[in-house]
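*Asks:* With the input below, show me the fold.
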Amino acid sequence: MKKVLMIAIVVFMSSTVYAGEKLTACGGLAYPPFMWKEGGKIVGVGTEVAEIIFGELGIQVESKAFSSWNRCLQEVKKGRTDMLVAAAVNKERKAFADFTKNCLSEVPLAVFVWKDRAFRFEKWEDLIGKKMGGILGSSYGQKFDEFAAKNLKISEVVTPIQNFKKLEKGRVDFLPVGLYAGLIHVKQFGYADKVAVLKPYLKTECLYVAMSKKSEYLKHLPYVGRRLLKLHADGTIKRLIDKYIEYYVTTTE
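*Replies:* You can find the predicted model right below:
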């Protein structure tokens, strides 16, 4: 499966004529199917969508995997990296990056709990006083970030597996995780029968493509936004989500 998918990507790239320009991009290390680290690169839906759109402009996309998501944000802030392949909008990021008006994808933000310690959840206020497991540098949307900072005990780590292990041991009460990524993690970590997803979802957020305000390619952002609409309309993004969920589950230990 992995070999077939990588061949498909190579075929696409080899059929694109570049004008000698190269855009640099980064993303989260562990947020499948949209972005994750593979080797020294970020792969997933976000990267392939960027390759498709900028390939149409004759611009090559070079994705880089930094040591952490926070480091990626700092690189974009300083203008040393051009683009975030996928990111939620918040006030801090808007200070150094511009975002597409249209979503790369909607992602429900779900509450994951240890099944034997599930609790009643109908509204955000039901979480008050509980301990939340988070990822350093991550945003869950500005409103929930502010709610969490004011009302919750927050324990942050670098990787999702660290968070799920803390959930298993009862060191945190819940994890706010994008639905797609959370379901993949649960299966990958062997917790399929032990972890539950509470409903309703915390919120449904949008992931966008973002460009550094210091990037010479910022001028192309409106085009990227228009192409995202068409890629949704023709089913391309849905197919890529399905493709990378399958790819991640079958090829990643």
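*Asks:* so what's Pro33 up against?
*Replies:* Gly44, Val45, Tyr180, Ala181, Ile184, Leu240, Ile241, Lys243, Tyr244, Ile245, Tyr247, Tyr248 (C-beta atoms under 8 Å, 6 or more residues apart in numbering). No exception for glycine: its C-beta is placed from N, CA and C like everyone else's.
*Asks:* Sorry, wrong one. I was asking about Tyr31.
*Replies:* When contacts are counted by C-beta under 8 Å, 6+ apart, Tyr31 touches Gly44, Ala86, Gly178, Ala181.
*Asks:* can we see that at 6 Å?
*Replies:* Contacts for Tyr31 (C-beta atoms under 6 Å, 6 or more residues apart in numbering) come out as Ala181.
*Asks:* just Lys91 next, same as before
*Replies:* Lys91 touches Gln142, counting by C-beta under 6 Å, 6+ apart.
*Asks:* I'd like to know how far the nearest residue to Pro33 once chain neighbours are set aside sits from Ser139.
*Replies:* Of all residues not flanking Pro33 in the chain, Tyr244 sits nearest, at 3.5 Å (C-beta to C-beta, 6 or more residues apart in numbering). Using C-beta to C-beta, to the nearest Å, we find Tyr244 at a distance of 22 Å from Ser139.
*Asks:* cool, Val49 as well?
*Replies:* In terms of C-beta to C-beta, Val49 sits 20 Å off from Ser139.
*Asks:* quick one: which of those two has more around it?
*Replies:* Legend: neighbour count by other C-beta atoms under 10 Å for Val49 and Ser139, higher for Val49 (24 against 19).
*Asks:* Is Leu198 located within a strand, as I assumed?
*Replies:* Yes - assessed with DSSP: H, G, I helix; E, B strand; the rest coil, Leu198 lies in a strand.
*Asks:* now the nearest residue to Lys64 once chain neighbours are set aside, which residues is it bridged with?
*Replies:* Using C-beta to C-beta, 6+ apart and skipping the chain neighbours, the partner closest in space to Lys64 is Cys26 (5.1 Å). Per DSSP bridges, the residues bridged to Cys26 are Lys64, Leu84.
*Asks:* and the residue nearest to Pro33, that one's in a strand?
*Replies:* No - Tyr244: not assigned to a strand; according to three-state DSSP it is helix.
*Asks:* State the distance from it to Ile184.
*Replies:* Counting by C-beta to C-beta - Tyr244 and Ile184 are separated by 10 Å.
*Asks:* same check, this time on Pro176
*Replies:* For Pro176, the distance to Ile184 equals 16 Å [C-beta to C-beta].
*Asks:* where along the stretch 51-200 of the chain do the strands fall?
*Replies:* Along the stretch 51-200 of the chain, the segments classed as strands by DSSP state E, counting those that start in this stretch run 59-64, 83-87, 97-99, 105-114, 131-135, 153-157, 175-178, 195-212.
*Asks:* Tell me which of these sits most buried.
*Replies:* Highest mean neighbour count of these: strand 83-87, a mean of 28 (counted as mean count of other C-beta atoms under 10 Å).
*Asks:* hey, C-alpha coordinates of it in CSV?
*Replies:* Extracted C-alpha coordinates of strand 83-87, given in CSV (Å, rounded to 0.1, in the frame of the first residue of the first chain):
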residue,chain,number,x,y,z
MET,A,83,3.8,28.0,4.8
LEU,A,84,1.8,26.0,7.4
VAL,A,85,0.2,23.1,5.4
ALA,A,86,-2.7,23.0,7.8
ALA,A,87,-3.5,25.1,10.9
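*Asks:* how about low-confidence regions in the protein?
*Replies:* The model of the chain has pLDDT under 70 over residues 1-19, 253.
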